[in-house]
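# Structure of the sequence below:
(2 chains)
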Amino acid sequence: MKKTLGIMSLLALGLLLTAPRAQAQTGAPTGTTTVSVTIGPQAGLTVTNSSTPLAASGSNFNLFTGTTGLTYFVRTTTTGGGGSITLKVTSDFSPTGGPSVASPLAPGDALTYTCTVASPGTACTGTQTASTSSQTNLATFGTNVHTGTGGSTASVGWSLANDPNYKTGTYNSTVTFTISAS
Amino acid sequence: MKKTLMVASIMLLAASMSYAQNTATASLTVSVGTEAAISVTASPALTSSTTFGDYTSTTQLNYKVRTGAIATTAGITVEITQDFSTGGANGGPSVASPPTSGDLLTYSCTAVAPPAGTATPCTGSVTASTSAATSVVAFGVNTQSLKVGNGATTSWDLINDPNYKAGSYTAIATYTISAI
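So this is what the prediction gives:
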């Protein structure tokens, strides 16, 4: 009996000592995992001068002009992707009695703009008329394009008719720029 | 079931990543101030239709104006900035030094009413001057012309003095418009 107990104690001690080794021997010295990321189309923009004063030079009813600068970031899909920057006058000039995009005093009293867009965007062509009811084009993006980390620049050159019929005063409107990518 | 839900989640994620959109806003501000502009659209030569009848002509003007809400002296004036001649006996007509005291260059005025405010033409016959601007039209407060402008005229009248030496004489009348 004493001998049997001694053998069992030795066996138990042996198991205790060999157990960690047996565990280490079940895995390999290296391991791997798959890290995956799906890069989708993305787009963002910032307005560099959120307040854009429109001013006329001289005193002969020259047009009111001004420029809004943008920085945009975009990535379009490699196949079949694209995108655009559009703008819309989301708040018309106020107070009343002055310029208006939706209801101008005279048919020619329009708020128009031209576009300047750095690569990879393509600027709108010619003179566009801003609208309160629909988005109008500023830039378009092709398939598989992307800006650098710092983004690319764009600008809108505004031109507002200077109608003598406008009452004197200061008028404000809000333009919302939308960038999209697919 | 668990597997089906997982696949659906992945599909939704993929769909949301295939389109991206962002917006930013800018505020456009314009300060519309008082402003005025004028142009001479026609200025025919002064002619006389009767023997020693006065030389007459009408100068056509187009004015654009936007005045403020505070009463000021906005208007159109005219001044003879270059005289016909040095004047005097056997000379030509002269605004500054007429051969005789009655040999005046005078004018009368008309002005088309603007859509807002008032444009009051000079009254009666005004004597032109080489030393001072004289009134053609006076604008009231909050006066706004049409975008294409409104019309005004000055009808000139120059005494036909037999004492004028025969010849052709030219003077320059300078119109000034102001809106404060």
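
# Would you mind confirming that B:S178 is in contact with B:T73?
Yes - proximity of B:S178 to B:T73 meets the contact threshold set by Cβ atoms under 8 Å, at 7.5 Å. C-betas here are computed from N, CA, C, even on glycine.

# okay, these two: which has more neighbours?
Counted by other Cβ atoms under 10 Å in any protein chain shown, B:S178 and B:T73 do not tie: B:S178 has more neighbours, with 18 against 11.

# any idea how far B:I172 is from that one?
19 Å (Cβ to Cβ, to the nearest Å).

# What of B:G53?
For B:G53 relative to B:I172 (Cβ to Cβ), the value is 24 Å.

# Same check on A:K88?
Counting by Cβ to Cβ, the gap from A:K88 to B:I172 is 52 Å.

# what's around residue 55, how many residues?
Here I'm looking at chain A. When neighbours are defined as other Cβ under 10 Å, A:A55 has 14 of them.

# oops, chain B please
There are 18 residues near B:Y55, going by other Cβ under 10 Å.

# For the chain, which residue occupies the most central location?
Chain wasn't specified; assuming chain A. Chain A has A:G44 as the residue nearest its centroid, 0.8 Å off, counting by Cα atoms, centre = their mean.

# Chain B, not that one
Taking Cα atoms, centre = their mean, chain B has its central residue at B:I38, 2.4 Å away.

# lowest-confidence helix or strand of chain B?
Within chain B, judged by mean pLDDT, DSSP states H and E, the helix or strand with the poorest mean is helix B:2-16; its value is a mean of 43.

# where along the chain do the strands fall?
Using chain A. Shown for chain A, the strands assigned by DSSP state E span residues A:42-47, A:51-54, A:64-75, A:83-94, A:111-117, A:122-123, A:128-129, A:136-141, A:152-160, A:169-181.

# wait, chain B
For chain B, the strands defined by DSSP E cover B:20-32, B:35-42, B:55-66, B:75-82, B:105-111, B:119-121, B:126-127, B:134-139, B:150-158, B:172-178.

# returning to what we had before: let me know the pLDDT of the residue nearest to the centre of chain B.
Predicted confidence (pLDDT) at B:I38: the value is 96.

# what does A:G80 give?
The score at A:G80 is 94. That number is its pLDDT.

# In contact with the residue lying closest to it once chain neighbours are set aside, which residues?
Among residues not flanking A:G80 along the chain, A:T143 sits closest, at 6.2 Å (Cβ to Cβ, 6 or more residues apart in numbering or on different chains). Shown in contact with A:T143 (Cβ atoms under 8 Å, 6 or more residues apart in numbering or on different chains): A:76-82.

# what about the residue nearest to A:A106 when sequence neighbours are not counted, distance to A:D163?
Of all residues not flanking A:A106 in the chain, B:K147 sits nearest, at 4.9 Å (Cβ to Cβ, 6+ apart). In this structure, B:K147 lies at 5 Å from A:D163, with Cβ to Cβ as the measure.

# and the residue nearest to A:P104 when sequence neighbours are not counted, how many residues sit next to it?
Counting by Cβ to Cβ, 6+ apart, A:A110 is the residue found nearest to A:P104 once chain neighbours are left out, at 6.5 Å. The number of residues packed around A:A110, counting by other Cβ under 10 Å, is 18.

# For A:V74, list each beta-bridge partner.
The residues listed as beta-bridge partners of A:V74 by DSSP bridges are A:A43.

# Is it in contact with A:G142, as I believe?
No - counting by Cβ under 8 Å, A:V74 sits too far from A:G142 to count as a contact (10.4 Å).

# Select only the buried ones of the contacts of A:T143 in ChimeraX?
Selection of the buried residues among the contacts of A:T143 in ChimeraX, burial being defined by 16 or more other Cβ atoms under 10 Å in any protein chain shown:
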select /A:76,77,81,82
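
# Keep only those of the contacts of A:T143 that are in helices.
Secondary structure defined by DSSP state H assigns none of the contacts of A:T143 to helices.

# From the contacts of A:T143, pick the one nearest chain B.
A:T77 (7.0 Å; Cβ to the nearest Cβ).

# so where's chain B uncertain?
Under the criterion of pLDDT under 70, the regions of chain B flagged as low confidence span B:1-17, B:71, B:86-90.

# rerun that using 80 as the cut-off
Scanning chain B for pLDDT under 80 picks out the ranges B:1-17, B:71-73, B:85-90, B:180.

# Then chain A?
When the per-residue scores of chain A are filtered using pLDDT under 80, the ranges that remain are A:1-27, A:58-59.

# If we ignore the residues flanking it in sequence, what's nearest B:C122?
That would be B:C109: by Cβ to Cβ, 6+ apart, it lies 4.1 Å from B:C122.

# Same question for B:G75.
Taking Cβ to Cβ, 6+ apart, and ignoring the residues beside it in sequence, B:G75 has B:A138 as its nearest neighbour in space, at 4.2 Å.

# Is that neighbour bridged to anything, and to what?
Counting by DSSP bridges, B:A138 is bridged to B:G75, B:T120.

# Give the burial count for it, as a bare number.
Residues near B:A138, counting by other Cβ under 10 Å, number 18.

# List the contacts of it.
Going by Cβ under 8 Å, 6+ apart, B:A138 touches B:73-75, B:119-120.

# One more: A:C124?
If you count contacts by Cβ under 8 Å, 6+ apart, then A:C124 has A:114-115, A:117, A:136-139 around it.

# how much space is there between it and A:N62?
Per Cβ to Cβ, A:C124 is found 23 Å from A:N62.

# now swap in A:G81 and tell me
A:G81 is 42 Å from A:N62, where distance means Cβ to Cβ.
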